[in-house]
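Asks: Sequence and predicted model, in that order:
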Amino acid sequence: MQKFIEKARIITEALPFIKEFSNKTIVIKYGGNAMEDPELKKKVILDLVLLKLVGLNIVLVHGGGPHITSFMEKLGKEAVFISGHRVTDLETMEITEMVLSGLINKEITALINSNGGKAVGISGRDGSLIEADKKDHKLGQVGSIKKINPELLLTLLDKGYIPVISPVAAGSAGEAFNINADTAAGEIAVSLKASKLIYMTDIKGIYKDTKDESTFIPSIDGEGIKKLIKDGIINKGMLPKVESAIKAINSGVEKVHIIDGTIEHSLILELLTNAGIGTEIILR
């Protein structure tokens, strides 16, 4: 009996957080091992369904870089990167859209629906959700976000759906652009005036030294992040996250969190408990 009482206590302790975030919009960037590992993926899906059922408006933006690279290799095409950006010629763009919008997006959507949720899978091209221009001619069809049109998302949220978004944008002539998923999540969060923006990664959050656990930073503001970038501590894949986070915070998103998606039920721990498992980026 005691173990059931303990479970009931845990549920009731989540009540203040459920009240706080009821009807609030939470944008989640989903990627990393939490998208690769089948067991972790199942737990993330269950977390999303639960969060939606207790009243949170969930918007999910997913990545898929490793899947794209793997598929290109199967087709005998080499992946080329410049400064961390995938060089995306027209053929690579076709593969990218097929993998992101066709395979990954529909798999996530189906998993949510088969586990009791209501999800609709879309890309940034649907409803001209994400409008973009070419970022750099050397990169091909890599886009820089020009505008977010959130009307389709607002309609889906109003009808009780979880929008699942692949980061493929529409150009002015209807062409497709590959967009960094971290950047897309940040811009979408701003457009929806989201309460929270959460980046799921493969590490706990931001460190001054990733090899020293004692240097973990639980809370940081924009100025602190700029200093870490200047010192070369924040670099590579973390850069788009923190740059998008700073812009989101400065544009009205209340809080941004970088959390370790490899921890089971990390979303529940972050949103419905006092655990505070990642790095919180705040406006000071």
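Replies: Arrived safely, thanks for sending. Numbers count the residues shown, from 1 in each chain.
Asks: ok, which stretches of the stretch 151-284 of the chain are helices?
Replies: Taking DSSP state H, counting those that start in this stretch, the helices of the stretch 151-284 of the chain run over residues 151-158, 181-191, 222-230, 238-250, 266-272.
Asks: Touching the shortest one from outside, list them.
Replies: Just to be clear, that refers to helix 266-272. 14, 17-18, 21, 26, 28, 34, 44, 47-48, 50-51, 54, 56, 196, 198, 200, 257, 259-260, 263, 275-278 (CB atoms under 8 Å, 6 or more residues apart in numbering). For glycine as for every other residue, the C-beta is placed from the backbone atoms N, C-alpha and C.
Asks: what do you get if the cut-off is 7 Å, keeping everything else the same?
Replies: Helix 266-272 has contacts (CB atoms under 7 Å, 6 or more residues apart in numbering) with 14, 17-18, 21, 44, 47, 50-51, 198, 200, 257, 259-260, 263, 275, 277-278.
Asks: Now do the strands in the stretch 1-150 of the chain.
Replies: If DSSP state E, counting those that start in this stretch is used as the criterion, the strands of the stretch 1-150 of the chain fall at 25-30, 57-62, 81-82, 85-86, 119-123, 130-134, 143-148.
Asks: Reformat those as a markdown table; add mean neighbour count, distance to Lys227 and mean pLDDT.
Replies: Shown next, in a markdown table, are these (neighbours: other CB atoms under 10 Å; distance: least, CB to CB, whole Å; pLDDT from 0 to 100):
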| stretch | mean neighbour count | distance to Lys227 | mean pLDDT |
| --- | --- | --- | --- |
| strand 25-30 | 27 | 24 | 97 |
| strand 57-62 | 24 | 28 | 98 |
| strand 81-82 | 11 | 27 | 82 |
| strand 85-86 | 19 | 25 | 81 |
| strand 119-123 | 22 | 36 | 98 |
| strand 130-134 | 20 | 30 | 95 |
| strand 143-148 | 19 | 26 | 95 |
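Asks: Could I get those in TSV, plus columns for distance to Ile206?
Replies: Below are the strands of the stretch 1-150 of the chain laid out as TSV (distance: least, CB to CB, whole Å):
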stretch	distance to Ile206
strand 25-30	15
strand 57-62	20
strand 81-82	23
strand 85-86	22
strand 119-123	30
strand 130-134	27
strand 143-148	24
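Asks: how about those strands, which one is nearest Tyr207?
Replies: strand 25-30 (19.3 Å; CB to CB).
Asks: Check the offset of that closest one from the chain's centre.
Replies: Put simply, strand 25-30 sits 5 Å off its chain's centre (CA atoms, centre = their mean, to the nearest Å).
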